[in-house]
Structures are given as C-alpha cells and as structure tokens.
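**Student:** Give me a model of this one.
(chains A and B)
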Protein chains: 2
Amino acid sequence: MSKNKQPLIFITNDDGIHAKGVNELIEGVRSLGEIVAIAPDIPRSGMSGAISALNPIRLNLVKKEKELTIYSCTGTPVDCVKLGVNEILDRKPDLIISGINHGSNSAICVIYSGTIGAALEGCVLGIPSIGVSLTDHSPSADFAQAVKYGKSVAEKVLKDGLPKGICLNLNVPNIPDVRGLKICSQTPGHWTKEFQTAKDPAGHTVYWLSGEFLNEDPDNEQNDEWALSHGYAALVPLQLDMTAYRFFKTMSFE
Amino acid sequence: MSKNKQPLIFITNDDGIHAKGVNELIEGVRSLGEIVAIAPDIPRSGMSGAISALNPIRLNLVKKEKELTIYSCTGTPVDCVKLGVNEILDRKPDLIISGINHGSNSAICVIYSGTIGAALEGCVLGIPSIGVSLTDHSPSADFAQAVKYGKSVAEKVLKDGLPKGICLNLNVPNIPDVRGLKICSQTPGHWTKEFQTAKDPAGHTVYWLSGEFLNEDPDNEQNDEWALSHGYAALVPLQLDMTAYRFFKTMSFE
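**Tutor:** Purely as a prediction, here's the structure:
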C-alpha cells in the first residue's frame, strides 16, 4: 500500500447490508484502516460463487462518513466484490473481509457459501481475502468472539499478506470463551434428509431445502469441524486451483 | 449397479431444460442406460454452487417415455441434483452428467459455473459426475464433437468409476475435428474490464457484467486453456477438498 495512506479494507457479506454480522465487523475493524463496504441489499445466503450473468445490477449509497463508505447492491456477493474492485474503489484494496456470516461455513459448506464465494473472488482478483463466519444463525447472535478473531486474522494478513491463489475461511464457535485459533483442513461430508416437502395453498407440492450435515471424518483432529466442536476458531486456507493432481497418476483416458 | 438393471444416468444443466445442449446430450447417451433429467426451467448460468436457501422449489414433469424421464425445476442446478438424488430417483444414479453447456467452463470459470456446481454436488453425494461444456455460446451451436467426447468419457466413468471426492470438467472446442482428449490442470487467470455501465430508462446507472479472460499462465501446455486453443478436448479432474495444504508449511498464526 502507499506509505501515505492507511490500509483500504473492502467488506462484503451474503446476509445483506442490514445484517448484524457485517455491521459488527465494520465497527470491529474500523481502527485498522479506511473501510468501503458493498453488500447485498437483501439476504443472499447460499449463493456460492454465483454471478449476475443475465441481468444488470444496481448500487445505492447507504452511508458516507470519514473513512467509512457503505453501499448496498442488488447483485450477489461475488458481484459486490467485482463491482467494488473494478468500478468503485479508487485503489486496489489491501484486504477483503466477507462476513461475519450468521451461521457456520465450515466443512464442505465452502462450495455453497456466498460468504466464501466473495472471499474466493477477492483471491481471483489478487487481493488477500478472508471469509468470517459465526456458528450461530440467529439475527441477534453475539459476534464479540467472531469480531475478536476476525480482527486478529485481518491484522496478521494486512501485515504479512497471503500466498497467491489462497484465501482464508475463518469459522468461530458460538461460545463466550473461544480456546484459540487452529489452522485446519476442510472436513469432508455431505447432507442427509435434504428436503422437507409441503403443499402450497393451491395444493401443489413444494420442496424446502433442509437437512443434517454428516461428518465423514469426525475423529480427524486436523479438520475444521473437530476444532469448532472442541471450542477452537477454525482457519482453513482455501485454494482456487481445484485440480485434483493426484488423479493424473491414477487414471488414464487413452 | 444391479445386475438386472442398466445404468441409471442423471442429467442436468444450467442453461435450462429447453437448451439445445442438454437435449443433444440426452439423445447422445440414451444408448448407455436409463436417463432421468432434471434441469432448471429457465436459464440459470453463472449460478455456481448456489442453493435455494430461502425459498421452496417446484418440479414439473416434462416428458416420460421408455427409459427417459425429463423434469423442469424452479431451482438452481445444485438444487436439481439434490432433488433428483434425494426425492425423485428410486436408486442412486451410476453417473451424473451436467451439460452440455453453451459456452466454455474452462480455467477459473469452475468457481462461477452452474454446470460445474451441479457436477461438484454429484461428487458431494458420492456419485461419479462429469460437467461437459462446448466453447460456443450460440443457442444453435453444433454439439456433435461435444456429444462424442462427452459420451466417450461417460462410458469410461461408467466402467471404471472415479476416485472419491473427484469429478470431471470436460470442455470441448468448437471445431469440426477435435484432435483428441488431454487431461489438464485448471488454468489460472482472472477477468478484466468486467463491467459495462449503462443507464436504465429512468436515467439510473446499471452495471452489466462483461469482461475478458486474462490467462495468467498461457504457455503451460498442461493447462486446459492451452489444450482448447490447440484443438484438444480438455478434461480437468476437480477435487472437492479446497484446503491449501501447502499453506500449512508456509504460514503460522501463533
């Protein structure tokens, strides 16, 4: 960053600009630099890395004060990052933080999460990026520990940067005294009982997504689910390159 | 699979059930087994791994004939896979094919693509899964080569399966004589000039996502972009585990 300027921190989320989590994050990291936030105007959970491929998006200024500017956007979390970096910011941000999400984004959730979609997009654009989530879906959840750990990781990343092609997925357990931070791997698993069927008022069947996560490797102490269930904040480094290099050695399509 | 039954092949896409690509795929692989297709009712490109977290989804029967059943769904590509496997199919499919997409899903596109989101979801559910895309966005594109290579890979996967946690991303170039199939790695890169700004009829600014892909490693012959630009079909094995294990050795958060 320029010697004459303090760090520029870009913030987004997927619960929308009115969620408690993103506003607590903004207050929690204001002391670290200038903040620009662009977040969805309404909740867009489960949007993964979705982009608005077919429709235009809009931006609205919500607040502008000294070293804090907040916009809402009609697009997805990834749209918010692309729009911010390409069109709104006058310099490349030093850090992107996505969150704090209301609800866990641990394990295989990374492929569904809008919070993580935004962090991966920051990574695509070459900006050190962190997704932060609290294991509590409640709109009024207590974000004190998540802000504390999120700020700590943000300070570290502002100081040291991140390797190219890697972003961070931080999940913080919803307990008053988190035991510390563990660097973890992504827990393998899948959901069971994924739908609840119901009838709409006209008598037609509708399907509500639901389900229970099944941890396929519950005893592995390196996994993020293990850390969270044992009181630790779990930090998983995620890489953009999804190539399964081990496959090259095991299969042939000759 | 049961000895008494032929393979069950589940098909979806992100361009919607009326797209040419998915219908050509269905016809192309009908000889391989029983087909059940559930695809979005309208185009849902760029939906990545998005799920319908906030609203219920609906299913409508489009066609039912001997060993071919087609539904449309109001959800995302991932919703289609979850709904099919959990609620509609009477046995676990032997193979999931997502596509054939109108347009490339090579390189870093994997994180935005609904086609690939659906293939990754099949992988989460423990089913051998393939995403197939043609490097031509035209609604009337010629899918002959993409069907040929897609069917060939499908036959191989039906025979040998895939390692746990790995699915396949097949991109086929839009040329009459594809030179063969190459197993490739995911090309690193990002988009530039990502937005076109315009005014709506009321004079308000809107942003249309656009842009040009910048290949960050253009001379690497192992990358899928290299293969496609040299006339090969590119097969990238993708893994669900996004953990950047190399990070464990390079950074510490003590």
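**Student:** CA atoms for contacts and neighbours, from now on please.
**Tutor:** OK.
**Student:** how far does stretch A:219-226 stretch from start to finish?
**Tutor:** 7 Å (Cα to Cα, to the nearest Å).
**Student:** From A:I111, how far off is A:A50?
**Tutor:** 11 Å.
**Student:** Give the residues shared as contacts by those two.
**Tutor:** Here A:A50 and A:I111 share the contacting residues A:G117, B:G49, scored by Cα atoms under 8 Å, 6 or more residues apart in numbering or on different chains.
**Student:** These two: who's more crowded?
**Tutor:** Taking other Cα atoms under 10 Å in any protein chain shown, A:A50 and A:I111 do not tie; A:A50 has more neighbours (29 against 26).
**Student:** just checking, the more buried one touches B:T76?
**Tutor:** No. A:A50 is beyond contact range of B:T76, at 10.4 Å (criterion: Cα atoms under 8 Å).
**Student:** quick one: common contacting residues for those two?
**Tutor:** B:M47, B:A50, B:G114.
**Student:** Show me the helices in the stretch 51-200 of chain A, by range?
**Tutor:** Under the criterion DSSP state H, counting those that start in this stretch, the stretch 51-200 of chain A contains helices at A:77-83, A:114-124, A:144-160.
**Student:** could those helices go into JSON lines alongside mean neighbour count and distance to chain B?
**Tutor:** Shown next, in JSON lines, are those (neighbours: other Cα atoms under 10 Å in any protein chain shown; distance: least, Cα to the nearest Cα, whole Å):
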{"stretch": "helix A:77-83", "mean neighbour count": "28", "distance to chain B": "7"}
{"stretch": "helix A:114-124", "mean neighbour count": "31", "distance to chain B": "6"}
{"stretch": "helix A:144-160", "mean neighbour count": "19", "distance to chain B": "8"}
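**Student:** is it possible to export the ones you listed to a markdown table including mean pLDDT?
**Tutor:** Output for those, formatted as a markdown table (pLDDT from 0 to 100):
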| stretch | mean pLDDT |
| --- | --- |
| helix A:77-83 | 98 |
| helix A:114-124 | 98 |
| helix A:144-160 | 97 |
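**Student:** With distance to A:D241 as new columns, can these be given to me in JSON lines?
**Tutor:** Converted to JSON lines, the helices of the stretch 51-200 of chain A look like this (distance: least, Cα to Cα, whole Å):
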{"stretch": "helix A:77-83", "distance to A:D241": "18"}
{"stretch": "helix A:114-124", "distance to A:D241": "10"}
{"stretch": "helix A:144-160", "distance to A:D241": "21"}
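**Student:** Nearest to A:D136, out of the ones you listed?
**Tutor:** A:D136 sits nearest to helix A:144-160 of all the helices of the stretch 51-200 of chain A, at 10.6 Å, using Cα to Cα.
**Student:** Kindly export that closest one (C-alpha atoms) in CSV.
**Tutor:** The C-alpha trace of helix A:144-160 is given here as CSV (Å, rounded to 0.1, in the frame of the first residue of the first chain):
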residue,chain,number,x,y,z
ALA,A,144,-17.9,-10.5,20.1
GLN,A,145,-15.6,-13.5,19.7
ALA,A,146,-16.0,-13.6,16.0
VAL,A,147,-15.0,-10.0,15.7
LYS,A,148,-12.1,-10.6,18.0
TYR,A,149,-10.7,-13.5,16.0
GLY,A,150,-11.6,-11.9,12.7
LYS,A,151,-9.8,-8.7,13.6
SER,A,152,-6.8,-10.7,14.7
VAL,A,153,-6.6,-12.6,11.4
ALA,A,154,-7.1,-9.4,9.5
GLU,A,155,-4.2,-7.7,11.2
LYS,A,156,-2.0,-10.7,10.5
VAL,A,157,-3.0,-10.7,6.8
LEU,A,158,-2.6,-6.9,6.5
LYS,A,159,1.0,-7.3,7.8
ASP,A,160,2.1,-10.5,6.0
